[in-house]
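**Student:** quick check, what structure comes out for this input:
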Amino acid sequence: MSGVAESKRSVRDAVRAQLTLVSSDDRRRWSEAITRALEGSEPWASARKVLVFLGDEGEPDLDAAIERAISRGVRVSAPRMDWTAKTMQATELGSLERTEIRRHGIREPVEGPAIEPCSLDLILVPGIAFDARGGRLGRGAGFYDRYLALAGEGVLRVGVCFEAQVIGAVPQETHDLGVDALVSEQGFRLSGRG
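**Tutor:** Modelled structure (predicted):
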């Protein structure tokens, strides 16, 4: 295992261990604060096509922001994974009721129309860890790195996390793609990259 790969594994393990100490009440409160910060940001308010993620129990819960965006006419999509090809597509999400639990317990939209990556205005990006320069450490399968490369530079990439997931420096390799902004319970802010 390379030095960077070993560093990534160490960071993943450390951040995951820290997140297990967070109470469900804190997760709920922090998710509500993240939702307020996201909805109060100009990029989210002006976006017409967005890719969101449907958080699991360890990630911020964005369901309220997603439902409100759908109700105001935003074309909201969420990832639908092709585990064999190791790719994802932005599948249009007309309602959170049109989701299903798939592989690894991940909630995904049911089959539906795909939105082209380069036509999106904004992508909400999950991760294990982020840094102030826009570095991102995902789960390790590379789905988001490949998808962000397809979206190109014109799409705003917003990392969504709890502040406990923001670290000094995320170990990076050349294929790792970062984010332009971060939103946590402490607010919405541009990264050093954005």
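
**Student:** so how far is Ser10 from the nearest residue in space to Thr35 that is not next to it in sequence?
**Tutor:** Of all residues not flanking Thr35 in the chain, Ala65 sits nearest, at 4.7 Å (Cβ to Cβ, 6 or more residues apart in numbering). All C-beta atoms are positioned from the backbone trio N, CA, C, and that covers glycine. Ala65 sits 32 Å away from Ser10, taking Cβ to Cβ, to the nearest Å as the criterion.

**Student:** and for Ile34?
**Tutor:** 26 Å.

**Student:** more neighbours, these two?
**Tutor:** Legend: neighbour count by other Cβ atoms under 10 Å for Ile34 and Ser10, higher for Ile34 (25 against 11).

**Student:** wait, doesn't that one sit right on Val183?
**Tutor:** Yes. In this structure Ile34 lies within contact range of Val183 using Cβ atoms under 8 Å: 5.8 Å.

**Student:** and for those two, which residues touch both?
**Tutor:** Common contact partners of Ile34 and Val183 (Cβ atoms under 8 Å, 6 or more residues apart in numbering): Val160.

**Student:** quick one on the thing from earlier: any idea how far Ser77 is from the residue nearest to Thr35?
**Tutor:** For Ala65 relative to Ser77 (Cβ to Cβ), the value is 14 Å.

**Student:** and Ser71, by the same measure?
**Tutor:** On the measure of Cβ to Cβ, Ser71 and Ser77 end up 16 Å apart.

**Student:** tell me the helices in the protein, going along the chain?
**Tutor:** Using DSSP state H, the helices of the chain run over residues 3-19, 24-39, 42-46, 63-71, 143-151.
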